[in-house]
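> 3D, please:
(one chain, ligands or ions: 1)
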Amino acid sequence: MSAATIINGTNGTNGQVNGTNGKNGVSQSSQNMCSYEECDKIAQHLLSKTRHRPKIGIICGSGLGGLAESVENKESFSYKEIPQFPVSTVPGHAGRLVFGKLGGKEVVAMQGRFHPYEGYPLSLCTLPVRVMKLMGVETLIVTNAAGGLNESYEVGDVMVIKDHINMPGFSGNNPLIGENEDKFGPRFPAMSSGYDRNLRKMALEIGKELKFDNFMHEGVYVMLGGPCFETIAECKLLRICGADVTGMSTVHEVIMARHCGMRAFGMSLVTNKCVMDYDEDRKANHEEVLETSKRRGEDMQKLVTKMIERIEV
Ligand SMILES: O=P(O)(O)O[C@H]1O[C@H](CO)[C@@H](O)[C@H]1O
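Residues are numbered from 1 along each chain as shown. Model prediction:
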């Protein structure tokens with residue numbers, strides 16, 4: 001069964017699928033995996049609609065779509081009009097693919113990403129990454145909103161992602177599950193250098209130049225499936241495991257990018273501090289997430305734009 005069958009068929013609306021296993025013991029996620037040829041068809045379709053030829057791809061986090069707005073000479077496509085794409089269902093994710101120029105370079109930006117809790121299998125959430133690759137994208141920059149686990153992080157701080165913990169992977173949920181597409185990459189990709197060292201260094205240097213160093217860190221992002229925010233016990237566990245921030249995205253995108261040989265860079269905005277104390281009445285909520293993104297969004301835009309200026313393509 002192809003992704004198109006799922007999306008256009010009776011398995012829910014907008015490509016959302018139910019959780020049942022398919023025939024012959026093949027898992028749902030592999031059934032939804034687009035083949036190399038299907039991804040290429042989408043890529044060629046998009047390239048036929050735009051004059052831009054991006055080498056840099058961007059995925060904007062919750063409330064951080066302003067970066068895509070700041071792209072010049074924009075040509076935008078709603079996800080609804082892109083064959084086989086899912087659609088965005090989360091507030092703060094506009095649901096558009098934006099082509100144009102940023103920092104003097106041709107880019108393609110996802111103004112809105114796909115999360116597993118929206119009902120999409122991870123392989124479908126990451127379809128745009130493979131499509132970007134086949135359009136010529138070599139470097140992927142992702143941003144996200146995240147909860148601060150590290151006690152020294154404040155709301156509004158920015159963390160360059162040094163490494164991640166793939167919590168869904170611990171229970172066998174990974175975008176690469178299913179038959180391997182050798183044309184994209186190997187069956188067993190290394191993930192020890194997920195986040196490009198030079199780009200991390202560059203981000204921290206630019207942060208210093210912009211006088212952002214008082215609110216910038218480098219640390220570890222942990223992905224959970226969501227949509228529940230974490231319990232206090234879960235937050236304590238994640239902190240002991242070495243995570244500095246927690247969120248419900250990014251990791252599947254970076255896995256897919258690294259699998260097909262793209263360079264990856266990620267940055268988290270600490271939109272809220274995780275509740276770590278049973279005497280606290282504060283509760284995590286998406287409104288606070290969007291509010292902080294609004295407040296710090298422009299600084300993140302400046303930083304990413306300066307990085308793109310310096311990235312050699
Ligand atoms: O990771 P992004 O898309 O920035 O969004 C984050 O914000 C939402 C929760 O408020 C979750 O989707 C979480 O992952």
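> write out the residues of the stretch 201-313 of the chain neighbouring the ligand.
226, 247-249, 286, 289 (Cβ under 6 Å from any ligand atom). (C-beta placed from N, C-alpha, C; glycine too.)
> check the stretch 1-150 of the chain too.
So the stretch 1-150 of the chain meets the ligand at 61-62, 90, 113, 115, 144-145 (Cβ under 6 Å from any ligand atom).
> in stretch 247-262, which residues are buried?
For stretch 247-262, the neighbour count (16 or more other Cβ atoms under 10 Å) marks 247-260, 262 as buried.
> show me these that map onto strands.
Gly247 (DSSP state E).
> report all helices and strands that the longest helix along the chain contacts.
Criterion DSSP state H: the longest helix present in the chain is helix 286-310. On a contact count with 3 or more Cβ pairs under 8 Å, 6 or more residues apart in numbering; DSSP states H and E, helix 286-310 meets helix 66-69, strand 96-102, strand 105-111, strand 139-148, strand 158-166, helix 197-209, strand 263-273.
> need the ones you listed in a markdown table with mean neighbour count and distance to Ile232, can you?
Output for the helices and strands packed on helix 286-310, formatted as a markdown table (neighbours: other Cβ atoms under 10 Å; distance: least, Cβ to Cβ, whole Å):
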| stretch | mean neighbour count | distance to Ile232 |
| --- | --- | --- |
| helix 66-69 | 21 | 32 |
| strand 96-102 | 22 | 37 |
| strand 105-111 | 25 | 33 |
| strand 139-148 | 27 | 12 |
| strand 158-166 | 20 | 19 |
| helix 197-209 | 16 | 31 |
| strand 263-273 | 25 | 12 |
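> so which of those gets nearest Ile42?
Ile42 lies closest to strand 96-102 among the helices and strands packed on helix 286-310, at 10.5 Å (Cβ to Cβ).
> who does Lys105 bridge with?
Residues in a beta bridge with Lys105, per DSSP bridges, are Leu102.
> so who does it touch?
54-56, 308-309, 311, 313 (Cβ atoms under 8 Å, 6 or more residues apart in numbering).
> now Lys41, what's its secondary structure?
Following DSSP: H, G, I helix; E, B strand; the rest coil, Lys41 is assigned to helix.
> now the closest residue in space to it that isn't next to it in sequence: how far from the ligand?
Nearest non-adjacent residue to Lys41, counting by Cβ to Cβ, 6 or more residues apart in numbering: Pro83, 7.5 Å away. Using Cβ to the nearest ligand atom, to the nearest Å, we find Pro83 at a distance of 23 Å from the ligand.
> looking at the stretch 51-200 of the chain, what residue ends up closest to the ligand?
Across the stretch 51-200 of the chain, the shortest distance to the ligand (Cβ to the nearest ligand atom) belongs to Gly61, at 2.9 Å.
> least confident secondary structure element in the protein?
Every helix and strand in the chain was compared by mean pLDDT, DSSP states H and E; the lowest is helix 3-8, with a mean of 38.
> low-confidence stretches in the chain?
Within the chain, the ranges that satisfy pLDDT under 70 run 1-32.
> quick one: contacts for Cys235?
Cys235 neighbours (Cβ under 8 Å, 6+ apart): 147, 149, 246, 274-276.
> quick one, the helix or strand it falls within and strand 158-166 angle?
Cys235 belongs to helix 232-240 when elements are defined using DSSP states H and E. If you take axes from the mean of the first three to the mean of the last three Cα atoms, to 10 degrees, helix 232-240 sits at 100 degrees to strand 158-166.
> nearest residue to the most centrally placed residue in the chain in space, ignoring adjacent ones along the chain?
For the chain, the residue nearest the mean C-alpha position is Thr250 (3.5 Å; Cα atoms, centre = their mean). Leaving aside its sequence neighbours, Thr250 sits nearest to Asn144 (Cβ to Cβ, 6+ apart; 4.9 Å).
> verify the contact between that neighbour and Val251 for me.
No. Asn144 lies out of contact with Val251 (Cβ atoms under 8 Å); the separation is 9.7 Å.
> need the residues touching each of those two.
With Cβ under 8 Å, 6+ apart, Asn144 and Val251 have common neighbours Tyr221.
> just to revisit the earlier point, out of the contacts of Cys235, which is most surrounded?
Among those, Leu149 has the most neighbours (other Cβ atoms under 10 Å), with 28 neighbours.
> before we move on, the earlier item: I'd say the residue nearest to the centre of the chain and Leu140 touch.
No. Using Cβ under 8 Å, Thr250 and Leu140 do not qualify as a contacting pair, with a distance of 10.5 Å.
> overlap of the contact sets of these two?
Ile59.
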